[in-house]
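Student: model this:
(chains A and B)
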Amino acid sequence: MDDLTAIEKCKAGETNAFNHLVKKYQSEAIGHAVAILGSREEALDAVQQAFLDAYRALKKFDSTRRFYPWLYTILRNQCFKILAFRKKHAAISLNEVEILAQPENDSTSSEAALLERALHELSPEDRELLTLKHLDGLSYSELAERLGIPAGTVMSRLYYARKRFHEKLLRIQEQDDFEEINNE
Amino acid sequence: MSKNCCEKVRMSAMAIRDGEMPQLSVEEIDKHLKSCADCRYQLEQQEKIIRLLDKQNRRSFTEDVCSGIAVSIEASKAGLDTGQKMWPFVVLCLILLGYKIVEVLPGVTAGLVIKLIPLVIIVMFFGLLKQNPFKINQSLKLEGDSR
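Tutor: The predicted structure follows:
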């Protein structure tokens, strides 16, 4: 069943058809929510709420659009709502979860761990942008659609996000080198 | 060289690297890069970052949120149905209100039979609706409760 058929069936009252969409996109959605929130539990809550909101808003869905980018905007709003709540309640403790897949090769695993740390030190907005660009390979126009900003803004935001990511990486490396020297 | 000019060149060079349309032409970028060592260095650093990130994959998650969503959808549908079935209860309220007005009218003495009328109305009402007012809806869940 393709997405449009599933959506039409949902609109006609077949709730089970929505299950097809959930099954198809849940893993991708969790990965994206984790990239913004950095926490597994919050990501699962956000994904569940986003799917529910999408179901309630299906009547407004424009059939000329693809389903996932539309769901992504709902998910994104949900994630930023959670972040705003987290900001207000600073005492919430989080279990950070990996965004990147673990490489099989040992030599690249330390590199991945370093990148993971730097990613977690970035702001959620930068982390979202960099992961969408580099892990999902989205183009500037696709990024613009997902983030609701002009393509020109994507270019500058991406430039500054990479710059900040580079700075974080350097800082972490320096810190590790310093700790190594201290331990010797 | 102004900072704005340098950043414009770097962003354009990055756009080309990403396979996108740059703000500046390739000739303009090359011309600037020949004379700006700082931009060349910054672009080399960005190139390293891009290569590192492009090698990575997103972690895949196997968690299943289907059941939680299905329960929430059912609960929300039940809520919607309740909203649509509100009118019989409005009618019941009006009947009981009418009864109360008649009961408090001067000169009406409420005997046991009259006092039992509301109870009879309510039982008949739920009988007609084929609803059990004491049934607990176990499919309802609190929002955000993923258990």
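Student: can you tell me how far A:L138 is from A:G38?
Tutor: When distances are taken as Cβ to Cβ, to the nearest Å, A:L138 and A:G38 turn out to be 20 Å apart. (Glycine included, C-beta is placed from N, CA and C.)
Student: and the closest residue in space to B:N57 that isn't next to it in sequence, what does it touch?
Tutor: Nearest non-adjacent residue to B:N57, counting by Cβ to Cβ, 6 or more residues apart in numbering or on different chains: A:A101, 4.1 Å away. For A:A101, the residues meeting the contact criterion (Cβ atoms under 8 Å, 6 or more residues apart in numbering or on different chains) are B:56-60.
Student: next, count neighbours for B:P118.
Tutor: When counting by other Cβ atoms under 10 Å in any protein chain shown, one arrives at 15 neighbours for B:P118.
Student: next one: B:V113
Tutor: Applying other Cβ under 10 Å, we find 8 other residues in the vicinity of B:V113.
Student: look up the closest residue to residue 59, ignoring the ones flanking it.
Tutor: As the question left the chain open, I've gone with chain A. The shortest distance from A:K59 to any non-neighbouring residue, by Cβ to Cβ, 6+ apart, is to A:K11 (6.3 Å).
Student: actually, chain B is the one I wanted.
Tutor: A:A101 (4.7 Å).
Student: any idea how far B:R58 is from that neighbour?
Tutor: Plainly put, A:A101 is 6 Å away from B:R58 if you go by Cβ to Cβ.
Student: the helix or strand where A:R127 lies packs against which elements?
Tutor: Following DSSP states H and E, the helix or strand that holds A:R127 is helix A:124-134. With contacts defined as 3 or more Cβ pairs under 8 Å, 6 or more residues apart in numbering or on different chains; DSSP states H and E, helix A:124-134 has these neighbours: helix A:16-37, helix A:67-88, helix A:106-121, helix A:140-147, helix A:151-183, helix B:37-54.
Student: what packs against the helix or strand containing B:P118?
Tutor: When secondary structure is defined using DSSP H and E, the element that contains B:P118 is helix B:112-129. In terms of contacts (3+ Cβ pairs under 8 Å, 6+ apart), helix B:112-129 is packed against helix B:87-104.
Student: orientation of the helix it packs on relative to helix B:112-129 in degrees?
Tutor: Inter-element angle recorded for helix B:87-104 and helix B:112-129: 170 degrees (by axes from the mean of the first three to the mean of the last three Cα atoms, to 10 degrees).
Student: by mean pLDDT, which helix or strand of chain A comes out lowest?
Tutor: helix A:106-121 (a mean of 85; mean pLDDT, DSSP states H and E).
Student: now swap in chain B and tell me
Tutor: Per-element confidence for chain B was summarised using mean pLDDT, DSSP H and E. The lowest value among helices and strands belongs to helix B:66-84, with a mean of 73.
Student: so where is the chain shaky, pLDDT-wise?
Tutor: No chain was given, so I picked chain A. Applying pLDDT under 70 to chain A flags the ranges A:90-95, A:106-107, A:183-184.
Student: meant chain B actually
Tutor: Counting by pLDDT under 70, the ranges of chain B that qualify are B:1-3, B:78-85, B:110, B:137-147.
Student: go again using 80 as the cut-off
Tutor: Judged against pLDDT under 80, the low-scoring parts of chain B cover residues B:1-4, B:75-88, B:103-115, B:128-147.
Student: show me how it divides into domains.
Tutor: Each structural domain of chain B that the record assigns through automatic domain parsing is listed here as a residue range: B:3-54, B:66-129.
Student: start to end distance for the last one?
Tutor: Distance between the two ends of domain B:66-129: 33 Å, counting by Cα to Cα, to the nearest Å.
Student: neighbours around A:L52, how many?
Tutor: By the measure other Cβ under 10 Å, the count of residues near A:L52 is 22.
Student: thanks again, I'm all set now.
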